[in-house]
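Asker: Here is my input; please provide its structure:
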Amino acid sequence: DNGGKGSKGVASFEQNAFSLADDFVLTWSVDDADVGITLLLQKTGDDSGYFMLLASPKDGAREKEIIGKRVSFVVDTSGSMMGEKIEATKRALDYCVAHLGEDDLFNVITFGGYVESFSEKMVAASPRNGSAGREFVKKIEPLGGTNIDEALQTAFKSVSGSSKAPHMIVFLTDGRPTIGETDAKKLISMVGTLNTDRARLFSFGVGDDVNTLLLDKLAEEHGGSPYYLDGDARLEGDVKQFWDRVSHPVFSDLTLTVDGVRVFGTHPRKLPDLFCGGQLVVLG
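Answerer: Numbers count the residues shown, from 1 in each chain. Below is the predicted model of the structure:
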């Protein structure tokens, strides 16, 4: 079991009626490649053929191999979030802040009728700042409309730290924009203009009254994924599960190069970041 530091493996041996002439010796090898790759191919007749490539980072990545990240939590605190939605959101947000890495920077931005930020600029996820951030989350109260416009602008204006550290925006809302710019296409265009550091935007739609066009486009055009959640206590577990999956980036700004054969029709067109425990799937 590698001293408890990695995956466990089981080997079995069954002896026949004859005694072994020599000692039984079991040997094995460990692949220490940074990324393990599996390639599946299909080609029949004269067609071009298809492939599926699966890539996963090695298990047990050392702490120094985990990329420090910058995280903007942008959270809807409008009046419609009142009740179990806001309580589950606060518990999930507390979990995320508590599980930031020591090399991370973060900020928490809430928006109802107006926008409020934990910090004017991102701060290091030190024990002191982490505790202060969790206190900020604990005091969140739902009130007012849905000012998505100012909230996203604030997220980009508050970014600090090295541009080499990936910037992740975790954007959660239960409604449609009602204050500031409310046109979805203009909001999408605005984010495209402001996102000069290639932030990955992960959008969460809570409940049934969300603008799916807006959330889909924001995530898809900025290297993230859209998620749609029920507005009850399960929201907490869903957000925690997401955070456990993406909180340890190992590789960012991935590109795929294939030598010796022409590859076309690949999906996804833009490769996402690769995280500990995650898997990249490329079809073409």
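
Asker: who does the nearest residue to T173 once chain neighbours are set aside bridge with?
Answerer: Nearest non-adjacent residue to T173, counting by CB to CB, 6 or more residues apart in numbering: D76, 3.9 Å away. In this view, the C-beta of every residue, glycine as well, is placed from N, C-alpha and C. Beta bridges link D76 to F111, judged by DSSP bridges.

Asker: Check which helices and strands the lowest-mean-pLDDT helix or strand in the chain sits against.
Answerer: The least trusted helix or strand in the chain, going by mean pLDDT, DSSP states H and E, turns out to be strand 249-251, with a mean of 74. Applying 3 or more CB pairs under 8 Å, 6 or more residues apart in numbering; DSSP states H and E, we find strand 249-251 packed against strand 274-275.

Asker: still on that earlier bit, so the residue nearest to T173 sits against V115, correct?
Answerer: No. At 10.9 Å, D76 does not count as touching V115 under the criterion of CB atoms under 8 Å.

Asker: which of those two has more neighbours?
Answerer: Legend: neighbour count by other CB atoms under 10 Å for D76 and V115, higher for D76 (26 against 21).

Asker: That one: what's it in contact with?
Answerer: By CB atoms under 8 Å, 6 or more residues apart in numbering, the contact set of D76 is 110-112, 146, 172-175, 206.

Asker: try 6 Å
Answerer: 172-174 (CB atoms under 6 Å, 6 or more residues apart in numbering).

Asker: Show me the residue sitting in the middle of the protein in space.
Answerer: V246 (3.6 Å; CA atoms, centre = their mean).

Asker: Quick check: that residue touching F275?
Answerer: Yes. Between V246 and F275 there is a contact under CB atoms under 6 Å: 5.3 Å.

Asker: Would you mind finding the longest helix in this protein?
Answerer: For the chain, the helix with the greatest residue count under DSSP state H is helix 84-98.

Asker: still on that earlier bit, could you list the residues in contact with the least confident helix or strand of the chain?
Answerer: So strand 249-251 is in contact with 57, 61, 67, 69, 166, 273-276, going by CB under 6 Å, 6+ apart.

Asker: partners of it, with directions?
Answerer: strand 274-275 (antiparallel).

Asker: So what's the gap between the strand it pairs with and the chain middle?
Answerer: Centroid separation for strand 274-275 versus its chain: 8 Å, with CA atoms, centre = their mean, to the nearest Å.

Asker: Name the next helix or strand following that strand along the chain.
Answerer: strand 280-283 (DSSP states H and E).

Asker: neighbouring contacts of that next one?
Answerer: 52-55, 267, 274.

Asker: Please list all residues in contact with the residue nearest to the centre of the chain.
Answerer: Per CB under 6 Å, 6+ apart, neighbours of V246: F275.

Asker: what number of residues lie near the residue nearest to A233 when sequence neighbours are not counted?
Answerer: The shortest distance from A233 to any non-neighbouring residue, by CB to CB, 6+ apart, is to A88 (5.2 Å). The tally of other residues near A88 (other CB under 10 Å) stands at 23.
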